[in-house]
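**Student:** could you work out the structure for the sequence below:
(2 chains)
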Amino acid sequence: MIALEQVTKTYPKASRPSLDNVTVSIEKGEFVFFIGPSGSGKSTFIKLLLHEITPTRGKVYVNNRDVTTMRSWKIPAFRRSIGCVFQDFRLLPNRTAYENVAFALEVIGKSKAVARRVVPEVLELVGLGGKEHRYPHELSGGEQQRVAVARAFVNRPLILLADEPTGNLDPDTSIEIMRLLDRINRTGTTVVMVTHDSNIVNQMRRRVVEIESGRIVRDQPRGVYG
Amino acid sequence: MQRAKYVLTEVLVGLWRNVSMTIAMIITMGVSLFMLGAATLTYLQVNDMKDFYYDKVQISIYLKKDVTDAQKANLDSALSDDPLVKDHFYESRETAYERFKEQFRDAPDLVNSVKPDSMPESFRISLKDPERVAEIDKKYHGVEGIDQIVDQKDLLGKVFSILGSAQTTALIAALVMAVAALLLVLNQIQVAAYSKRREVAVMKLVGASNWFIQAPFVLEAVAAALIGSVLAFLLLVAGKIVLIDGSLKDLTQYLTPLSWTKVILMFPLMAAVGSAVSAITGWITLRFYLRV
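**Tutor:** Residues are numbered from 1 along each chain as shown, chains lettered A, B, ... in the order given. So this is what the prediction gives:
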(Lines give C-alpha, C1' and ligand atoms only; values in the text may rest on other atoms or scores of the structure.)
Protein backbone atom coordinates (compact mmCIF):
# COMPACT_ATOMS: atom_id res chain seq x y z
CA MET A 1 0.00 0.00 0.00
CA ILE A 2 2.70 2.44 1.09
CA ALA A 3 6.39 1.81 0.60
CA LEU A 4 9.52 3.89 0.94
CA GLU A 5 12.66 2.47 -0.64
CA GLN A 6 15.94 3.91 0.58
CA VAL A 7 14.47 7.38 0.77
CA THR A 8 16.67 10.31 1.68
CA LYS A 9 15.33 13.82 1.90
CA THR A 10 17.67 16.73 2.45
CA TYR A 11 16.13 20.20 2.52
CA PRO A 12 18.09 22.96 0.82
CA LYS A 13 20.56 24.59 3.25
CA ALA A 14 20.04 21.84 5.85
CA SER A 15 23.20 20.39 7.35
CA ARG A 16 21.83 16.85 7.70
CA PRO A 17 19.02 14.98 5.93
CA SER A 18 15.52 14.93 7.47
CA LEU A 19 15.11 11.34 6.35
CA ASP A 20 18.24 9.28 5.88
CA ASN A 21 18.04 6.16 3.74
CA VAL A 22 14.64 5.08 5.10
CA THR A 23 12.99 1.87 3.92
CA VAL A 24 9.58 0.98 5.30
CA SER A 25 6.40 -0.59 3.97
CA ILE A 26 2.83 -0.45 5.22
CA GLU A 27 0.16 -2.97 4.19
CA LYS A 28 -3.43 -2.21 3.32
CA GLY A 29 -5.63 -1.85 6.42
CA GLU A 30 -2.74 -1.35 8.84
CA PHE A 31 -2.71 1.20 11.67
CA VAL A 32 0.80 2.58 12.14
CA PHE A 33 2.21 5.12 14.59
CA PHE A 34 5.26 7.10 13.61
CA ILE A 35 6.88 8.39 16.77
CA GLY A 36 9.99 10.33 17.61
CA PRO A 37 11.11 13.69 18.95
CA SER A 38 10.43 16.99 17.18
CA GLY A 39 12.59 17.39 14.10
CA SER A 40 13.15 13.67 13.74
CA GLY A 41 11.64 13.60 10.25
CA LYS A 42 8.08 12.43 10.98
CA SER A 43 6.38 15.30 9.17
CA THR A 44 8.74 14.95 6.22
CA PHE A 45 7.36 11.45 5.90
CA ILE A 46 3.77 12.74 5.64
CA LYS A 47 4.78 15.39 3.13
CA LEU A 48 6.48 12.79 0.98
CA LEU A 49 3.34 10.65 0.91
CA LEU A 50 1.25 13.65 -0.16
CA HIS A 51 3.77 14.59 -2.81
CA GLU A 52 4.12 18.03 -1.27
CA ILE A 53 7.86 17.43 -1.50
CA THR A 54 9.94 15.00 -3.53
CA PRO A 55 12.73 12.86 -2.08
CA THR A 56 16.36 13.70 -2.75
CA ARG A 57 17.00 10.01 -3.38
CA GLY A 58 14.92 6.84 -3.33
CA LYS A 59 11.40 5.82 -4.30
CA VAL A 60 8.03 6.47 -2.68
CA TYR A 61 5.10 4.20 -3.57
CA VAL A 62 1.53 5.01 -2.53
CA ASN A 63 -1.37 2.81 -3.66
CA ASN A 64 1.21 0.88 -5.68
CA ARG A 65 2.04 3.96 -7.73
CA ASP A 66 5.48 5.52 -7.91
CA VAL A 67 4.85 8.98 -6.50
CA THR A 68 8.34 10.28 -7.25
CA THR A 69 7.87 10.18 -11.01
CA MET A 70 4.24 11.30 -11.00
CA ARG A 71 3.42 14.15 -13.40
CA SER A 72 2.32 17.28 -11.58
CA TRP A 73 -1.11 17.37 -13.26
CA LYS A 74 -1.88 13.92 -11.88
CA ILE A 75 -1.23 14.95 -8.27
CA PRO A 76 -4.74 16.35 -7.57
CA ALA A 77 -6.45 13.10 -8.62
CA PHE A 78 -3.88 11.16 -6.61
CA ARG A 79 -4.57 13.19 -3.46
CA ARG A 80 -8.25 12.29 -3.63
CA SER A 81 -7.29 8.80 -2.51
CA ILE A 82 -5.68 10.17 0.67
CA GLY A 83 -7.40 11.83 3.61
CA CYS A 84 -5.50 14.17 5.86
CA VAL A 85 -5.88 15.42 9.43
CA PHE A 86 -3.62 17.94 11.16
CA GLN A 87 -2.88 19.22 14.62
CA ASP A 88 -4.38 22.62 13.80
CA PHE A 89 -7.60 21.18 12.22
CA ARG A 90 -7.38 23.53 9.17
CA LEU A 91 -11.11 24.19 9.03
CA LEU A 92 -12.55 27.17 7.15
CA PRO A 93 -13.73 29.56 9.90
CA ASN A 94 -16.53 31.12 7.86
CA ARG A 95 -18.21 27.82 7.05
CA THR A 96 -20.30 25.53 9.22
CA ALA A 97 -19.33 21.95 10.03
CA TYR A 98 -21.59 20.77 7.21
CA GLU A 99 -20.16 23.32 4.76
CA ASN A 100 -16.59 22.47 5.66
CA VAL A 101 -17.15 18.82 4.81
CA ALA A 102 -19.28 19.62 1.74
CA PHE A 103 -16.53 21.99 0.50
CA ALA A 104 -14.16 19.06 0.11
CA LEU A 105 -16.72 17.37 -2.13
CA GLU A 106 -17.72 20.43 -4.11
CA VAL A 107 -14.18 21.38 -5.11
CA ILE A 108 -13.55 17.99 -6.62
CA GLY A 109 -16.71 18.28 -8.68
CA LYS A 110 -19.28 16.35 -6.68
CA SER A 111 -22.83 17.66 -6.95
CA LYS A 112 -24.79 19.28 -4.14
CA ALA A 113 -27.12 16.27 -4.18
CA VAL A 114 -24.22 13.95 -3.41
CA ALA A 115 -23.12 16.26 -0.59
CA ARG A 116 -26.63 16.33 0.88
CA ARG A 117 -26.63 12.55 0.98
CA VAL A 118 -23.06 11.86 2.13
CA VAL A 119 -22.18 14.72 4.49
CA PRO A 120 -24.82 14.09 7.23
CA GLU A 121 -23.87 10.43 7.12
CA VAL A 122 -20.19 11.08 7.77
CA LEU A 123 -20.92 13.74 10.39
CA GLU A 124 -23.08 11.17 12.16
CA LEU A 125 -20.21 8.68 11.91
CA VAL A 126 -17.77 11.04 13.66
CA GLY A 127 -20.36 11.77 16.35
CA LEU A 128 -21.38 15.27 15.32
CA GLY A 129 -25.00 14.52 14.50
CA GLY A 130 -27.09 17.60 15.36
CA LYS A 131 -24.14 19.99 15.21
CA GLU A 132 -23.98 20.29 11.41
CA HIS A 133 -24.77 23.99 11.40
CA ARG A 134 -22.29 25.12 14.03
CA TYR A 135 -19.30 27.21 12.99
CA PRO A 136 -15.83 26.05 14.06
CA HIS A 137 -15.63 28.74 16.78
CA GLU A 138 -18.85 27.34 18.25
CA LEU A 139 -17.31 23.87 18.57
CA SER A 140 -14.81 22.49 21.10
CA GLY A 141 -11.33 21.45 19.98
CA GLY A 142 -12.30 17.80 19.90
CA GLU A 143 -15.41 18.56 17.89
CA GLN A 144 -13.40 20.64 15.43
CA GLN A 145 -11.02 17.74 14.95
CA ARG A 146 -14.02 15.48 14.34
CA VAL A 147 -15.12 17.83 11.56
CA ALA A 148 -11.60 17.60 10.13
CA VAL A 149 -11.73 13.80 10.30
CA ALA A 150 -15.14 13.85 8.62
CA ARG A 151 -13.72 16.03 5.86
CA ALA A 152 -10.74 13.71 5.41
CA PHE A 153 -12.94 10.62 5.33
CA VAL A 154 -15.91 11.86 3.29
CA ASN A 155 -14.32 10.71 0.02
CA ARG A 156 -13.69 7.26 1.51
CA PRO A 157 -9.93 7.46 0.95
CA LEU A 158 -7.76 4.36 0.95
CA ILE A 159 -5.30 6.04 3.30
CA LEU A 160 -5.80 8.42 6.20
CA LEU A 161 -2.76 10.45 7.24
CA ALA A 162 -2.91 12.08 10.65
CA ASP A 163 -0.17 14.53 11.60
CA GLU A 164 -0.29 14.92 15.41
CA PRO A 165 -4.11 14.94 15.40
CA THR A 166 -4.28 15.04 19.20
CA GLY A 167 -1.53 17.62 19.67
CA ASN A 168 -3.98 20.37 20.59
CA LEU A 169 -6.41 18.24 22.62
CA ASP A 170 -6.68 17.20 26.26
CA PRO A 171 -6.13 13.49 27.11
CA ASP A 172 -9.83 12.53 27.32
CA THR A 173 -10.68 14.20 24.02
CA SER A 174 -7.58 12.63 22.48
CA ILE A 175 -8.85 9.17 23.40
CA GLU A 176 -12.17 9.93 21.70
CA ILE A 177 -10.42 11.00 18.52
CA MET A 178 -8.33 7.81 18.65
CA ARG A 179 -11.48 5.71 18.96
CA LEU A 180 -12.78 7.48 15.90
CA LEU A 181 -9.58 6.80 13.94
CA ASP A 182 -9.74 3.20 15.09
CA ARG A 183 -13.31 2.90 13.78
CA ILE A 184 -12.21 4.33 10.46
CA ASN A 185 -9.32 1.85 10.38
CA ARG A 186 -11.80 -0.99 10.88
CA THR A 187 -13.58 -0.01 7.66
CA GLY A 188 -10.41 -1.08 5.87
CA THR A 189 -8.75 2.33 5.61
CA THR A 190 -5.01 2.36 6.18
CA VAL A 191 -4.21 4.85 8.96
CA VAL A 192 -0.80 6.42 9.37
CA MET A 193 -0.49 8.62 12.42
CA VAL A 194 2.44 10.78 13.42
CA THR A 195 2.50 11.57 17.13
CA HIS A 196 4.58 12.01 20.24
CA ASP A 197 1.70 11.31 22.59
CA SER A 198 3.01 8.31 24.56
CA ASN A 199 -0.30 7.62 26.40
CA ILE A 200 -2.13 7.05 23.17
CA VAL A 201 0.54 4.85 21.64
CA ASN A 202 0.70 2.72 24.76
CA GLN A 203 -3.09 2.32 24.96
CA MET A 204 -3.62 1.45 21.33
CA ARG A 205 -0.98 -1.24 21.05
CA ARG A 206 -0.53 -0.98 17.32
CA ARG A 207 2.50 -1.07 15.06
CA VAL A 208 5.05 1.54 16.08
CA VAL A 209 7.81 2.92 13.88
CA GLU A 210 10.25 5.10 15.76
CA ILE A 211 12.35 7.65 13.93
CA GLU A 212 15.34 9.44 15.33
CA SER A 213 17.48 11.91 13.40
CA GLY A 214 15.95 10.74 10.13
CA ARG A 215 16.57 7.02 10.69
CA ILE A 216 14.23 4.24 11.70
CA VAL A 217 15.46 2.95 15.04
CA ARG A 218 12.55 0.66 15.89
CA ASP A 219 9.68 -1.08 14.09
CA GLN A 220 7.43 -3.16 16.35
CA PRO A 221 4.13 -4.85 15.43
CA ARG A 222 2.33 -4.15 18.74
CA GLY A 223 4.58 -1.60 20.28
CA VAL A 224 4.56 0.96 23.05
CA TYR A 225 6.07 4.43 23.12
CA GLY A 226 9.14 3.04 24.86
CA MET B 1 -22.59 22.92 -13.77
CA GLN B 2 -21.95 22.84 -10.06
CA ARG B 3 -18.35 23.83 -10.61
CA ALA B 4 -19.21 26.58 -13.09
CA LYS B 5 -21.54 28.09 -10.50
CA TYR B 6 -18.86 27.87 -7.84
CA VAL B 7 -16.27 29.54 -10.06
CA LEU B 8 -18.70 32.31 -11.07
CA THR B 9 -19.62 33.05 -7.45
CA GLU B 10 -15.94 33.16 -6.52
CA VAL B 11 -15.25 35.65 -9.34
CA LEU B 12 -18.02 38.00 -8.21
CA VAL B 13 -17.04 37.74 -4.55
CA GLY B 14 -13.41 38.34 -5.55
CA LEU B 15 -14.20 41.48 -7.53
CA TRP B 16 -16.39 42.82 -4.77
CA ARG B 17 -13.94 42.02 -1.96
CA ASN B 18 -11.53 44.65 -3.16
CA VAL B 19 -13.86 46.97 -4.96
CA SER B 20 -11.68 50.10 -5.04
CA MET B 21 -8.83 48.09 -6.54
CA THR B 22 -11.24 46.53 -9.04
CA ILE B 23 -12.44 49.97 -10.13
CA ALA B 24 -8.86 51.20 -10.50
CA MET B 25 -8.08 48.11 -12.57
CA ILE B 26 -11.12 48.61 -14.80
CA ILE B 27 -10.37 52.29 -15.39
CA THR B 28 -6.70 51.78 -16.27
CA MET B 29 -7.58 48.87 -18.51
CA GLY B 30 -10.37 50.89 -20.12
CA VAL B 31 -8.13 53.85 -20.88
CA SER B 32 -5.33 51.62 -22.12
CA LEU B 33 -7.66 49.69 -24.42
CA PHE B 34 -9.25 52.96 -25.58
CA MET B 35 -5.81 54.21 -26.64
CA LEU B 36 -5.20 50.94 -28.42
CA GLY B 37 -8.57 51.17 -30.17
CA ALA B 38 -7.97 54.79 -31.16
CA ALA B 39 -4.53 53.96 -32.54
CA THR B 40 -5.92 51.02 -34.51
CA LEU B 41 -8.75 53.16 -35.89
CA THR B 42 -6.25 55.83 -36.97
CA TYR B 43 -4.20 53.17 -38.69
CA LEU B 44 -7.21 51.75 -40.55
CA GLN B 45 -8.38 55.24 -41.40
CA VAL B 46 -5.03 56.38 -42.80
CA ASN B 47 -4.85 53.28 -44.98
CA ASP B 48 -8.34 53.89 -46.27
CA MET B 49 -7.61 57.51 -47.00
CA LYS B 50 -4.42 56.63 -48.81
CA ASP B 51 -6.31 54.24 -51.05
CA PHE B 52 -9.05 56.78 -51.58
CA TYR B 53 -7.02 59.90 -52.24
CA TYR B 54 -4.10 58.37 -54.06
CA ASP B 55 -6.59 56.79 -56.39
CA LYS B 56 -8.61 59.94 -56.94
CA VAL B 57 -6.30 62.88 -57.27
CA GLN B 58 -2.59 62.84 -57.50
CA ILE B 59 -1.64 66.03 -59.26
CA SER B 60 -3.15 69.47 -59.54
CA ILE B 61 -1.96 71.66 -62.40
CA TYR B 62 -2.85 75.23 -61.46
CA LEU B 63 -3.24 77.59 -64.39
CA LYS B 64 -2.08 81.18 -64.69
CA LYS B 65 -4.62 83.96 -64.29
CA ASP B 66 -4.11 85.11 -67.83
CA VAL B 67 -4.36 81.62 -69.37
CA THR B 68 -6.06 81.59 -72.76
CA ASP B 69 -8.75 79.24 -73.95
CA ALA B 70 -6.41 77.92 -76.63
CA GLN B 71 -3.74 77.08 -74.05
CA LYS B 72 -6.37 75.29 -71.98
CA ALA B 73 -7.57 73.31 -74.99
CA ASN B 74 -3.97 72.37 -75.89
CA LEU B 75 -3.26 71.19 -72.38
CA ASP B 76 -6.52 69.28 -72.26
CA SER B 77 -5.73 67.36 -75.43
CA ALA B 78 -2.12 66.82 -74.38
CA LEU B 79 -3.36 65.25 -71.13
CA SER B 80 -5.89 63.15 -73.01
CA ASP B 81 -3.14 61.72 -75.20
CA ASP B 82 -0.62 61.30 -72.39
CA PRO B 83 0.00 57.58 -71.68
CA LEU B 84 0.88 58.35 -68.06
CA VAL B 85 -2.49 59.94 -67.32
CA LYS B 86 -5.34 57.72 -66.30
CA ASP B 87 -7.93 60.40 -65.85
CA HIS B 88 -8.15 64.17 -65.74
CA PHE B 89 -10.75 66.86 -65.37
CA TYR B 90 -10.93 70.61 -65.52
CA GLU B 91 -11.91 72.66 -62.49
CA SER B 92 -13.19 76.13 -63.28
CA ARG B 93 -12.91 79.24 -61.07
CA GLU B 94 -16.55 78.87 -60.14
CA THR B 95 -16.24 75.24 -59.11
CA ALA B 96 -13.11 76.04 -57.13
CA TYR B 97 -14.93 78.92 -55.44
CA GLU B 98 -17.91 76.74 -54.58
CA ARG B 99 -15.60 74.20 -53.01
CA PHE B 100 -13.80 76.94 -51.11
CA LYS B 101 -17.09 78.37 -49.84
CA GLU B 102 -18.17 74.93 -48.70
CA GLN B 103 -14.87 74.28 -46.92
CA PHE B 104 -14.84 77.57 -45.06
CA ARG B 105 -18.56 78.12 -44.58
CA ASP B 106 -17.98 78.63 -40.86
CA ALA B 107 -15.68 81.57 -41.61
CA PRO B 108 -17.95 83.94 -43.59
CA ASP B 109 -15.47 86.83 -43.28
CA LEU B 110 -12.86 84.80 -45.09
CA VAL B 111 -15.36 83.69 -47.76
CA ASN B 112 -16.54 87.28 -48.28
CA SER B 113 -13.00 88.55 -48.70
CA VAL B 114 -12.35 86.15 -51.55
CA LYS B 115 -13.98 86.58 -54.96
CA PRO B 116 -14.41 83.83 -57.55
CA ASP B 117 -11.86 85.72 -59.64
CA SER B 118 -9.10 85.11 -57.15
CA MET B 119 -9.49 81.34 -57.33
CA PRO B 120 -7.19 79.54 -59.75
CA GLU B 121 -8.40 77.34 -62.57
CA SER B 122 -6.84 73.91 -62.58
CA PHE B 123 -6.62 70.48 -64.15
CA ARG B 124 -6.90 67.57 -61.76
CA ILE B 125 -5.02 64.49 -62.87
CA SER B 126 -4.82 60.94 -61.68
CA LEU B 127 -1.98 58.78 -62.91
CA LYS B 128 -1.91 55.20 -64.07
CA ASP B 129 1.15 54.72 -61.92
CA PRO B 130 1.02 57.08 -58.91
CA GLU B 131 4.77 56.82 -58.50
CA ARG B 132 5.60 58.58 -61.79
CA VAL B 133 4.77 62.09 -60.64
CA ALA B 134 8.25 63.43 -61.40
CA GLU B 135 7.90 62.56 -65.09
CA ILE B 136 4.68 64.57 -65.36
CA ASP B 137 6.30 67.43 -63.52
CA LYS B 138 9.22 67.43 -65.98
CA LYS B 139 7.07 67.03 -69.05
CA TYR B 140 4.69 69.91 -68.32
CA HIS B 141 7.11 72.20 -66.57
CA GLY B 142 7.24 75.49 -68.45
CA VAL B 143 4.28 74.73 -70.68
CA GLU B 144 2.47 77.96 -71.45
CA GLY B 145 -0.41 78.84 -69.15
CA ILE B 146 0.70 76.62 -66.25
CA ASP B 147 1.34 78.37 -62.98
CA GLN B 148 2.43 75.47 -60.84
CA ILE B 149 2.21 71.70 -60.61
CA VAL B 150 1.34 70.41 -57.16
CA ASP B 151 1.73 66.81 -56.14
CA GLN B 152 -1.23 66.25 -53.87
CA LYS B 153 0.53 63.26 -52.39
CA ASP B 154 3.00 65.62 -50.74
CA LEU B 155 0.15 67.48 -49.09
CA LEU B 156 -1.58 64.29 -48.09
CA GLY B 157 1.75 62.92 -46.88
CA LYS B 158 1.91 65.77 -44.38
CA VAL B 159 -1.61 65.03 -43.15
CA PHE B 160 -0.79 61.37 -42.89
CA SER B 161 2.42 61.98 -41.00
CA ILE B 162 0.46 64.05 -38.46
CA LEU B 163 -2.06 61.23 -38.13
CA GLY B 164 0.82 58.79 -37.93
CA SER B 165 2.44 60.56 -35.01
CA ALA B 166 -0.96 60.82 -33.29
CA GLN B 167 -1.23 57.09 -33.73
CA THR B 168 2.25 56.49 -32.28
CA THR B 169 1.46 58.73 -29.31
CA ALA B 170 -1.75 56.80 -28.66
CA LEU B 171 0.12 53.49 -28.88
CA ILE B 172 2.79 54.64 -26.41
CA ALA B 173 0.09 55.89 -24.04
CA ALA B 174 -1.71 52.56 -24.44
CA LEU B 175 1.49 50.71 -23.58
CA VAL B 176 2.22 52.80 -20.47
CA MET B 177 -1.36 52.39 -19.26
CA ALA B 178 -1.15 48.67 -20.01
CA VAL B 179 1.87 48.36 -17.70
CA ALA B 180 -0.09 50.12 -14.94
CA ALA B 181 -3.07 47.85 -15.60
CA LEU B 182 -0.89 44.75 -15.44
CA LEU B 183 0.59 45.81 -12.11
CA LEU B 184 -2.94 46.26 -10.80
CA VAL B 185 -3.90 42.79 -12.05
CA LEU B 186 -0.82 41.43 -10.27
CA ASN B 187 -1.76 43.18 -7.05
CA GLN B 188 -5.41 42.09 -7.29
CA ILE B 189 -4.40 38.47 -7.65
CA GLN B 190 -1.93 38.66 -4.78
CA VAL B 191 -4.61 40.11 -2.52
CA ALA B 192 -7.11 37.49 -3.67
CA ALA B 193 -4.64 34.64 -3.19
CA TYR B 194 -3.85 35.88 0.31
CA SER B 195 -7.45 36.29 1.40
CA LYS B 196 -8.28 32.83 0.09
CA ARG B 197 -5.15 31.07 1.33
CA ARG B 198 -7.10 28.79 3.72
CA GLU B 199 -9.54 27.70 1.02
CA VAL B 200 -6.68 27.13 -1.40
CA ALA B 201 -4.79 25.04 1.16
CA VAL B 202 -7.84 22.84 1.74
CA MET B 203 -8.52 22.54 -1.99
CA LYS B 204 -4.96 21.38 -2.61
CA LEU B 205 -5.22 18.93 0.25
CA VAL B 206 -8.42 17.26 -0.91
CA GLY B 207 -7.23 17.12 -4.51
CA ALA B 208 -9.12 19.86 -6.35
CA SER B 209 -7.71 20.15 -9.85
CA ASN B 210 -5.27 22.94 -10.59
CA TRP B 211 -7.49 24.71 -13.11
CA PHE B 212 -10.32 24.65 -10.59
CA ILE B 213 -8.14 26.35 -7.98
CA GLN B 214 -6.74 28.89 -10.43
CA ALA B 215 -9.77 29.65 -12.60
CA PRO B 216 -11.51 32.07 -10.18
CA PHE B 217 -8.35 34.18 -9.89
CA VAL B 218 -7.72 34.31 -13.64
CA LEU B 219 -11.38 34.90 -14.46
CA GLU B 220 -11.47 37.74 -11.97
CA ALA B 221 -8.79 39.53 -13.98
CA VAL B 222 -10.49 38.63 -17.27
CA ALA B 223 -13.85 39.92 -16.03
CA ALA B 224 -12.23 43.23 -15.08
CA ALA B 225 -10.63 43.37 -18.54
CA LEU B 226 -13.97 42.77 -20.23
CA ILE B 227 -15.65 45.51 -18.22
CA GLY B 228 -12.64 47.69 -19.07
CA SER B 229 -13.11 47.02 -22.77
CA VAL B 230 -16.78 48.01 -22.52
CA LEU B 231 -15.58 51.26 -20.94
CA ALA B 232 -13.01 51.69 -23.73
CA PHE B 233 -15.71 51.11 -26.33
CA LEU B 234 -17.97 53.72 -24.74
CA LEU B 235 -15.03 56.16 -24.79
CA LEU B 236 -14.51 55.48 -28.51
CA VAL B 237 -18.23 56.00 -29.23
CA ALA B 238 -18.18 59.21 -27.20
CA GLY B 239 -15.02 60.26 -29.07
CA LYS B 240 -16.70 59.75 -32.41
CA ILE B 241 -19.87 61.61 -31.43
CA VAL B 242 -18.26 64.48 -29.54
CA LEU B 243 -15.01 64.99 -31.44
CA ILE B 244 -15.07 63.47 -34.93
CA ASP B 245 -18.72 64.24 -35.65
CA GLY B 246 -18.85 67.19 -33.28
CA SER B 247 -16.36 69.89 -32.47
CA LEU B 248 -13.69 68.66 -34.91
CA LYS B 249 -16.12 68.26 -37.80
CA ASP B 250 -14.53 71.16 -39.74
CA LEU B 251 -11.22 69.38 -39.68
CA THR B 252 -12.46 65.86 -40.22
CA GLN B 253 -14.72 66.53 -43.20
CA TYR B 254 -11.67 66.57 -45.45
CA LEU B 255 -10.79 63.07 -44.30
CA THR B 256 -12.73 60.00 -45.25
CA PRO B 257 -15.56 59.60 -42.76
CA LEU B 258 -14.99 57.26 -39.85
CA SER B 259 -17.66 54.58 -40.15
CA TRP B 260 -19.59 53.13 -37.21
CA THR B 261 -18.74 49.67 -38.51
CA LYS B 262 -15.08 50.31 -37.81
CA VAL B 263 -15.79 51.72 -34.36
CA ILE B 264 -17.94 48.70 -33.48
CA LEU B 265 -15.27 46.39 -34.86
CA MET B 266 -12.87 47.78 -32.25
CA PHE B 267 -14.92 46.24 -29.43
CA PRO B 268 -14.08 42.57 -30.09
CA LEU B 269 -10.48 43.58 -30.71
CA MET B 270 -10.17 45.45 -27.41
CA ALA B 271 -12.06 42.77 -25.51
CA ALA B 272 -9.84 40.03 -26.93
CA VAL B 273 -6.56 41.87 -26.33
CA GLY B 274 -7.65 42.96 -22.84
CA SER B 275 -8.75 39.53 -21.67
CA ALA B 276 -5.83 37.70 -23.26
CA VAL B 277 -3.30 40.03 -21.64
CA SER B 278 -4.88 39.84 -18.18
CA ALA B 279 -5.43 36.08 -18.39
CA ILE B 280 -1.76 35.53 -19.21
CA THR B 281 -0.61 37.96 -16.50
CA GLY B 282 -2.94 36.33 -14.00
CA TRP B 283 -1.83 32.86 -14.86
CA ILE B 284 1.87 33.74 -14.59
CA THR B 285 1.28 35.54 -11.28
CA LEU B 286 -0.46 32.47 -9.91
CA ARG B 287 2.54 30.31 -10.71
CA PHE B 288 4.45 32.39 -8.17
CA TYR B 289 1.80 33.07 -5.54
CA LEU B 290 -0.18 29.86 -5.60
CA ARG B 291 2.13 26.88 -5.76
CA VAL B 292 -0.10 23.96 -6.69
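**Student:** following the one helix or strand residue B:176 maps to, which helix or strand comes up?
**Tutor:** Per DSSP states H and E: residue B:176 is located in helix B:152-195. Scanning forward in sequence from helix B:152-195 by DSSP H and E, the next helix or strand is helix B:197-206.
**Student:** would you indicate which residues of that next one are buried?
**Tutor:** Within helix B:197-206, the residues that qualify as buried by neighbour count (16 or more other C-beta atoms under 10 Å in any protein chain shown) are B:199-200, B:202-206. Backbone N, C-alpha and C define where each C-beta goes, glycine included.
**Student:** following it, which helix or strand shows up next?
**Tutor:** Using DSSP H and E, the helix or strand that directly follows helix B:197-206 along the chain is helix B:210-239.
**Student:** now that following helix against helix B:197-206, angle please.
**Tutor:** With axes from the mean of the first three to the mean of the last three C-alpha atoms, to 10 degrees applied, the angle from helix B:210-239 to helix B:197-206 works out at 140 degrees.
**Student:** whichever helix in chain A runs longest packs against which elements?
**Tutor:** Ranked by residue count under DSSP state H, the longest helix found in chain A is helix A:171-186. Judged by 3 or more C-beta pairs under 8 Å, 6 or more residues apart in numbering or on different chains; DSSP states H and E, helix A:171-186 is in contact with strand A:31-35, helix A:141-153, strand A:159-163, strand A:190-194, helix A:198-204.
**Student:** out of the ones you listed, nearest to residue B:192?
**Tutor:** Smallest distance to residue B:192 across the helices and strands packed on helix A:171-186 (C-beta to C-beta): 23.4 Å, for helix A:141-153.
**Student:** is the closest one anywhere near chain B?
**Tutor:** Yes - in this structure, helix A:141-153 sits against chain B according to C-beta under 8 Å from any C-beta of the partner chain; the contacting residues are residue A:151.
**Student:** near chain B, which residues of chain A?
**Tutor:** Close to chain B, as judged by C-beta under 8 Å from any C-beta, chain A has residues A:50, A:73, A:75-80, A:82, A:84, A:90, A:92-93, A:103-104, A:106-112, A:151, A:155.
**Student:** quick check: ChimeraX command selecting the buried ones in those.
**Tutor:** What follows is the ChimeraX syntax for the buried subset of the residues of chain A next to chain B, where burial is set by 16+ other C-beta under 10 Å:
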select /A:50,75,76,78,79,80,82,84,90,92,103,104,106,107,108,110,151,155
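**Student:** now, the residues of chain A next to chain B that are in helices?
**Tutor:** With helices defined by DSSP H, the entries of the residues of chain A next to chain B inside them are A:75-79, A:103-104, A:106, A:112, A:151.
**Student:** let's see the pLDDT reported for the most centrally placed residue in chain A.
**Tutor:** The residue lying closest to the centre of chain A (C-alpha atoms, centre = their mean) is residue A:161, at 1.6 Å. The score at residue A:161 is 96. That number is its pLDDT.
**Student:** hang on, isn't it packed against residue A:86?
**Tutor:** No - contact criterion C-beta atoms under 8 Å: residue A:161 and residue A:86 do not qualify, at 9.1 Å.
**Student:** any stretches of chain B with poor pLDDT?
**Tutor:** Confidence mapping of chain B against pLDDT under 70 gives the ranges B:1-3, B:53-57, B:251-256, B:291-292.
**Student:** got the residues of it near chain A?
**Tutor:** B:2-3, B:6, B:198-199, B:201-210, B:212-213.
**Student:** show me which positions of the helix or strand containing residue B:52 end up buried.
**Tutor:** Here residue B:52, judged by DSSP H and E, is contained in helix B:19-56. For helix B:19-56, the buried set under the neighbour-count rule, 16+ other C-beta under 10 Å, comprises B:21-22, B:24-42, B:45-46, B:48-49, B:53.
**Student:** can you list the strands that the next helix or strand after that helix pairs with?
**Tutor:** Proceeding C-terminally, helix B:19-56 gives way to strand B:59-63 as the next helix or strand, assigned by DSSP H and E. Sheet pairing here is set by DSSP bridges, and for strand B:59-63 it gives strand B:122-127 (antiparallel), strand B:146-151 (antiparallel).
**Student:** just those strands: most buried one?
**Tutor:** The highest average neighbour count among the strands paired with strand B:59-63, using mean count of other C-beta atoms under 10 Å in any protein chain shown, belongs to strand B:122-127 at a mean of 20.
**Student:** got the angle between the helix or strand following it and strand B:122-127?
**Tutor:** Stepping forward along the backbone from strand B:122-127, the first helix or strand reached (DSSP H and E) is helix B:133-140. Helix B:133-140 and strand B:122-127 are oriented at 130 degrees to each other (the same axes, to 10 degrees).
**Student:** what's next to helix B:133-140, contact-wise?
**Tutor:** Residues outside helix B:133-140 that contact it (C-beta atoms under 8 Å, 6 or more residues apart in numbering or on different chains): B:58-59, B:61, B:75, B:78, B:82, B:84-85, B:125, B:127, B:146, B:149, B:151, B:153.
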